[in-house]
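[1] all I have is the shape, not the residue letters:
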């Protein structure tokens, strides 16, 4: 009997503790979607639709890959200026005015009063890098072998150089001193010259058919001239900076001082795509004057005595060319750096010079050692 009473009491206690309370809700898993502005693409060919562009090699933050600039035809008057372009403060290529103001690389600020840029860091030795496709060969090390020397205008702040049919075309920079020139290679005589407006800072140069396209640094304008007469014909607008330009027979290649090379339509100047230039996985910044040769792009590296050869299809640096032996003695300014590459298909040689250099060199490239 006692056993039954105890069993009943226990059963009642258990029933009083049963599930009247609502069960706890299961936790809900949440995830936030983070947009990647570096992956955004711009609409090429439409003025004003591009993402912000890098502000040049002395920006403290590396430019995001994939941000581009739109290109378009501008039918305005020759020499008009657009002022500071979208995308932040302009970069610090020295010599923004004829007085030679500049900025120290890495400072992010434009210098004044003739301040000299800081000395560039020594180039990093290439190493083989491994990736999804396996190891990548180290860039070949080459040096310059001089074949001939010619006179060159020591007042020409060379920004673009190309050779066509034995005729040398040159774009010079500095506000108030920008010109487009036709030059006799062997004598250095300026055969014809076309000045730009005083507020234009000339940059890279390319030949497309019978037309020359001359970039400007911060004006956002590319000027199209008749190659025979140097007369202006029309111009294109683009966002970002203009540094180097070359034509490979199909597309234009445009540098802006970063490690990005942009492909542009030679007819509309619309951006078609871009490649990041890397050496063993390391970005190669400050790409300046360009020369397109048989699927490769040769580029001056601003503030150095080095030229890099780039595989246009991949952006990989396949050779680093030491041109230190070309630098003339007695240059008056740190702005007067190696700049200017023109290929001569007649004999496979290159014409090389620099900003305000008194000499133009005909040279080949050969392995070091």
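    All right, it came through fine. Everything numeric here is computed off the predicted structure, so don't read it as measured data.

[2] what about stretch 278-291, how long is it end to end?
    Distance between the boundary residues of stretch 278-291 (C-alpha to C-alpha, to the nearest Å) amounts to 18 Å.

[3] okay, now the sheet partners of the longest strand along the chain, with direction.
    Taking residue count as the measure and DSSP state E as the definition, the longest strand of the chain comes out as strand 140-151. As defined by DSSP bridges, the strand partners of strand 140-151 come to strand 317-322 (parallel), strand 359-367 (antiparallel).

[4] reformat those as a markdown table; add distance to residue 163, mean neighbour count and mean pLDDT.
    Where C-beta positions appear, they are placed from N, C-alpha and C, glycine not excepted. Formatted as a markdown table, the strands paired with strand 140-151 follow (distance: least, C-beta to C-beta, whole Å; neighbours: other C-beta atoms under 10 Å; pLDDT from 0 to 100):
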| stretch | distance to residue 163 | mean neighbour count | mean pLDDT |
| --- | --- | --- | --- |
| strand 317-322 | 18 | 20 | 98 |
| strand 359-367 | 10 | 17 | 97 |
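
[5] any stretches of the chain with poor pLDDT?
    Counting by pLDDT under 70, the chain shows low-confidence ranges at 1-135.

[6] again, only using 90
    Along the chain, the model assigns pLDDT under 90 to residues 1-137, 330, 332, 369.

[7] separation between residue 251 and residue 312?
    In this structure, residue 251 and residue 312 are separated by 9 Å, where distance is defined by C-beta to C-beta, to the nearest Å.

[8] my bad, residue 357
    Relative to residue 312, residue 357 is positioned 27 Å away (criterion: C-beta to C-beta).

[9] of these two, which one has the most company?
    Applying other C-beta atoms under 10 Å to residue 357 and residue 312 shows that residue 357 carries more neighbours, namely 24 against 20.

[10] which parts of the helix or strand in which residue 235 is found are buried?
    For residue 235, the host element (DSSP states H and E) is strand 232-238. When neighbours are counted by 16 or more other C-beta atoms under 10 Å, the buried residues of strand 232-238 are found to be 232, 235-238.

[11] make TSV out of the residues you listed and add distance to residue 163.
    Shown next, in TSV, are the buried residues of strand 232-238 (distance: C-beta to C-beta, whole Å):
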residue	distance to residue 163
232	22
235	24
236	23
237	28
238	25
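
[12] mind picking the two most distant members of the residues you listed?
    When the buried residues of strand 232-238 are compared pair by pair using C-beta to C-beta, the two farthest from each other are 232 and 238, 17.2 Å apart.
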